[in-house]
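1. Generate coordinates for the sequence data below:
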Amino acid sequence: YGIKIHAYTVQIGDIQAKTIDFNEIEKNVVRCPDKIAAAEMEKLVIALRDEGDSIGGMIETVVLGCPTGLGDPVFDKLDAKLSHAIMSIGTTKGISFGDGFDVVTKKGSENNDEFGTDGESIHLKTNHAGGLLGGISNGAPIVFKVAIKPPSSISKAQNTVTLSKEAKSIEVHGRHDPCICPRVVPVIEAMTAVTIADAILVQASIANKRG
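-> So this is what the prediction gives:
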């Protein structure tokens, strides 16, 4: 179908990617599209690992070439199906599409995606909605971000309570990632691909029944 899915680490801790270059994603261990930010992210992760701690981050996904009309306006919205799939992945704590939570400070005139034409084709001038309108793909790139929690298995001492209600300190040793973002990137890509492929098959099935 010619669909391309790119997921990448856009933030770890308070360090954010400033540029997006898909060619840089697999050139660094944190899978960040900004090589300068990637170096800073790696330093942060290593420092926290040495402290016995961990850190969370943000994964952004861009789907290019997705056909229009996928999804349903009510029970099977494409963004709802993607949310269900992505939130089924361990360590995910939130998902937002397009401008996400930034929309709360915007006016309708600022957030609406206007249509334009070059005389031959119709296109969107902006993509605040992240490629989805009313739960249906609109042909623009589908864009969403996923919040990833810091791994809970850390060697730094933490307080807990035993079954007998006795206060106790716990430390988790062994091999544990101080940041799970790089591992989650290909998982999000795979879950996105499966979800979109399913939506394409559903659309084809409906078309066949009508035909």
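2. would you list every one of the helices in the chain?
-> 35-50, 78-86, 108-111, 181-210 (DSSP state H).
3. Please identify the most buried of the ones you listed.
-> The highest average neighbour count among these, using mean count of other Cβ atoms under 10 Å, belongs to helix 78-86 at a mean of 20. (Glycine included, C-beta is placed from N, CA and C.)
4. Model confidence for the nearest residue to Phe22 once chain neighbours are set aside, exactly?
-> Excluding the flanking residues, the one nearest Phe22 by Cβ to Cβ, 6 or more residues apart in numbering is His6, at 5.2 Å. His6 carries a pLDDT value of 98.
5. Give the other helices and strands that the worst-scoring helix or strand of the chain on mean pLDDT contacts.
-> The helix or strand of the chain with the lowest confidence, counting by mean pLDDT, DSSP states H and E, is strand 122-124 at a mean of 86. If you count contacts as 3 or more Cβ pairs under 8 Å, 6 or more residues apart in numbering; DSSP states H and E, strand 122-124 packs onto strand 115-117.
6. Any buried residues in the strand it packs on, and which?
-> For strand 115-117, burial by neighbour count (16 or more other Cβ atoms under 10 Å) applies to no residue.
7. Just checking: what are the partner strands of that strand?
-> strand 122-124 (antiparallel) (DSSP bridges).
8. before we move on, the earlier item: just the buried positions in the least confident helix or strand of the chain, please.
-> Leu124.
9. Give me the distance between Asp30 and Phe22.
-> Not quite, residue 30 is Val, not Asp. 15 Å (Cβ to Cβ, to the nearest Å).
10. neighbour count winner among the two?
-> Val30 (23 against 12; other Cβ atoms under 10 Å).
11. need the contact list for that one.
-> 9, 12, 38, 41-42, 45, 179, 181-182 (Cβ atoms under 8 Å, 6 or more residues apart in numbering).
12. from those residues, which two are the most distant?
-> Farthest apart among the contacts of Val30 by Cβ to Cβ are Ala38 and Cys179. That separation is 12.2 Å.
13. before we move on, back to that, could you dump the contacts of Val30 to JSON lines with distance to Ile206 and pLDDT?
-> Shown next, in JSON lines, are the contacts of Val30 (distance: Cβ to Cβ, whole Å; pLDDT from 0 to 100):
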{"residue": "Thr9", "distance to Ile206": "37", "pLDDT": "98"}
{"residue": "Ile12", "distance to Ile206": "42", "pLDDT": "98"}
{"residue": "Ala38", "distance to Ile206": "43", "pLDDT": "98"}
{"residue": "Met41", "distance to Ile206": "44", "pLDDT": "98"}
{"residue": "Glu42", "distance to Ile206": "47", "pLDDT": "97"}
{"residue": "Val45", "distance to Ile206": "46", "pLDDT": "97"}
{"residue": "Cys179", "distance to Ile206": "42", "pLDDT": "95"}
{"residue": "Cys181", "distance to Ile206": "37", "pLDDT": "97"}
{"residue": "Pro182", "distance to Ile206": "38", "pLDDT": "96"}
